[in-house]
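Participant: Have a look; sequence and predicted model below, questions after that.
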Amino acid sequence: MYWNKNIETMPCNELKRLQLKRLKKTIAYALKSEYYRNVLKNIHIEKISSLSRISEIPYTSKTDLREHFPYGFLCVPQEEIIRLHSSSGTTGTPTVVFHTKEDIEAWQNIMARCIVMTGARRSDIFQNMMGYGLFTGGLGFHYGAEKVGMLTIPIGPGNSKRQIWFMQQFKTSVIHILPSYALRLHEVMEEMGIDPARDLSLRIAFIGAEPHTEEIRQKIEKLLDIKVYNSYGLSEMCGPGVAFECTYQNGLHLWEDEFYIEIIDPTTGKVLPEGEEGELVLTTLNRKAMPLLRYRTGDLTRIIPGACQCKRTHRRIDRIKGRSDDMLIINGVNIFPMQIEKTIMSIPCVGKNYVIEIHKKNFMDKLVIKAEMAKEHFPGNQAELKHFEQKITGELKTELLVTPDVILVEPGSLPVYEGKAKRVIDLRDEKCSI
Ligand code: ADP
Ligand code: ZN
């Protein structure tokens, strides 16, 4: 099922023509902002006669947004803006993004495409467990779900018992939730003696906003007896709705009528060929208040070559591996937190939560991984515990080429977050390091 079959299955050459038309319009719009008027002054816009000539335009970064806060990127008179959103500030000072009425409508439409693509319908009961407010996750999905016509429960995050109560009372069938919170919610269900397969009506979950592995997706699918779809977006483009999985769950279709995709080498800035992994760079093609040209998302992924079985022609990006600034350098070795998650979550004695600590010991970095045990393995005896810890250390060593200390802890003992989970704690500058 499609929300807008013509657009979603548009032949590639037609899609490219539309992109070029929209790119030209976007550049013309962008020139209305103080920032782009300045940046593009030596560029002959009329020469952007093909999509590849976009490479003549310089990249825009998060720092540029911050340095031209608040109105440096604004392209319309203030009375045309109907909403502002602000990023959650995961990596520093927040940035602000403005929307006109048309921007909000376009966002609702791509959200509706994403929702319908997973098989959710207007007859579904949708419980939106993402934060409402400045964070785009809540309101973005809210308006998309209402557009589809689902009964939408704007419950927001937290208060797990109330979440479960609503699920029971209203037979919630679709949820939108942070992956870390989905695992926590299951724990509360267990404490309450609720078996999702027997006692609830859940069938689809949208998870996103934070990096997570295929292993975590499978864990959530199994625990909640639900189909889980990966949702990717960022406030600077609109919010959620930028890219989403279809029912084949093999990469996320990125709506190419709305965004132009490039993958670049994060160090050299060179554009990489299709299929190679690098930093995702996006250009908005249908935004009015604050179009962004060649915006460096910081997110690492690749374009999945080839067509999808669902017949949508918009290309797919791979699951986000992390942000380029997420990379940890441990005694000179580059490690991504998702490599750690992937390894530990495929080991059955590991439960649902973990934290990565980096200490400094005798001038050397020391990686310490604390992982909660799965309930069925806890407490176990000392010998068993040692055996499991050694097994996990061995597997991590093979994957990372660094030997971490692994500490298995009691289920439910590590911190849980209402917003995006904080998995990495760098203690290298702290005096109290081990
Ligand atoms: P902030 O940049 O302050 O976290 P946003 O709420 O705009 O603010 O977050 C967008 C970022 O969240 C993305 O750039 C990406 O790093 C991360 N993100 C969003 N969805 C996903 C996803 N499905 N998988 C991995 N990371 C994601
Ligand atoms: Zn598909």
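Facilitator: It's in. Ligands and ions are numbered 1, 2, ... in the order given.

Participant: ok, now how distant is the residue in the chain sticking out farthest from the centre from Gly332?
Facilitator: In the chain, the residue that sits farthest from the middle, by Cα atoms, centre = their mean, is Ala383; the gap is 39.3 Å. When Cβ to Cβ, to the nearest Å is the yardstick, Ala383 and Gly332 sit 35 Å from each other. Using the backbone N, CA and C atoms, a C-beta is placed for each residue, glycine as well.

Participant: mind checking the longest strand of the protein?
Facilitator: strand 350-361 (DSSP state E).

Participant: Spell out the secondary structure type for Asp365.
Facilitator: strand (DSSP: H, G, I helix; E, B strand; the rest coil).

Participant: where does the stretch 301-434 of the chain come near ligand 2, residue by residue?
Facilitator: Neighbours of ligand 2 within the stretch 301-434 of the chain, by Cβ under 5 Å from the ion: 308, 310, 312.

Participant: show me where the stretch 51-200 of the chain has helices.
Facilitator: Assigned by DSSP state H, counting those that start in this stretch, the stretch 51-200 of the chain shows helices spanning 62-67, 101-117, 136-148, 160-170, 179-191, 196-199.

Participant: Mind checking those for the one nearest to ligand 1?
Facilitator: Nearest to ligand 1, of all the helices of the stretch 51-200 of the chain, is helix 136-148, at 6.0 Å by Cβ to the nearest ligand atom.

Participant: Let me know the average pLDDT across that closest one.
Facilitator: Averaging pLDDT along helix 136-148 gives 98.

Participant: so how far is that helix from its chain's centroid?
Facilitator: 16 Å (Cα atoms, centre = their mean, to the nearest Å).

Participant: Kindly indicate whether whichever residue of the stretch 301-434 of the chain sits closest to ligand 1 is helix, strand or coil.
Facilitator: Taking Cβ to the nearest ligand atom, ligand 1 has its nearest neighbour within the stretch 301-434 of the chain at Ile320, 3.6 Å off. When classified by three-state DSSP, Ile320 comes out as coil.

Participant: Is it in contact with Thr301, as I believe?
Facilitator: Yes: when contacts are counted by Cβ atoms under 8 Å, Ile320 is listed as touching Thr301 (5.3 Å).

Participant: can you list residues touching both of these two?
Facilitator: Shared contacts of Ile320 and Thr301, defined by Cβ atoms under 8 Å, 6 or more residues apart in numbering, comprise Leu280.

Participant: Alongside ligand 1, which residues does the stretch 201-350 of the chain contribute?
Facilitator: 208-211, 230-235, 297, 299, 320, 323 (Cβ under 6 Å from any ligand atom).

Participant: Look at Gly241 and say how many residues are nearby.
Facilitator: The number of residues packed near Gly241 is 27, by other Cβ atoms under 10 Å.

Participant: Centre of the chain to the helix or strand containing it, how far?
Facilitator: Secondary structure assignment for Gly241, by DSSP states H and E: strand 239-245. Its chain's C-alpha centre and that of strand 239-245 lie 8 Å apart, by Cα atoms, centre = their mean.

Participant: And stretch 156-168, by the same measure?
Facilitator: 23 Å.

Participant: likewise stretch 380-398?
Facilitator: 31 Å.

Participant: Kindly provide the whole-number mean pLDDT of that stretch.
Facilitator: Stretch 380-398 comes out at a mean pLDDT of 91.

Participant: which one of the residues of the stretch 301-434 of the chain next to ligand 2 has the most neighbours?
Facilitator: Most surrounded of those: other Cβ under 10 Å gives Arg312, at 22 neighbours.

Participant: ok, now which ones touch that one?
Facilitator: Per Cβ under 8 Å, 6+ apart, neighbours of Arg312: 2, 8-9, 117, 246, 253.

Participant: thinking again about what came up before, which pair of the residues of the stretch 201-350 of the chain next to ligand 1 spans the longest distance?
Facilitator: Among these, the pair separated by the greatest distance (Cβ to Cβ) is Asn230 and Ser235, at 17.9 Å.

Participant: Show me which of those two is the more surrounded one.
Facilitator: Using other Cβ under 10 Å as the criterion, Asn230 and Ser235 rank with Ser235 on top: 22 against 19.

Participant: contacting residues for that one?
Facilitator: Contacts of Ser235 by Cβ under 8 Å, 6+ apart are 85-88, 95, 97, 135-136.

Participant: Give the closest residue to it in space, chain neighbours not counted.
Facilitator: Ser87 (4.3 Å; Cβ to Cβ, 6 or more residues apart in numbering).

Participant: Could you check the pLDDT of the one you found?
Facilitator: In this model, Ser87 carries a pLDDT of 78.

Participant: again with Ile48
Facilitator: The model's pLDDT for Ile48 equals 88.

Participant: next one: phi and psi at it?
Facilitator: phi -80, psi 80 (degrees, to the nearest 10).

Participant: Relative to ligand 2, how far out is it?
Facilitator: Distance of Ile48 to ligand 2, computed by Cβ to the ion, to the nearest Å: 30 Å.

Participant: In terms of residue numbering, what are the domains of the chain?
Facilitator: Split into domains by automatic domain parsing, the chain comes to 1-325, 327-426.

Participant: All set, thanks.
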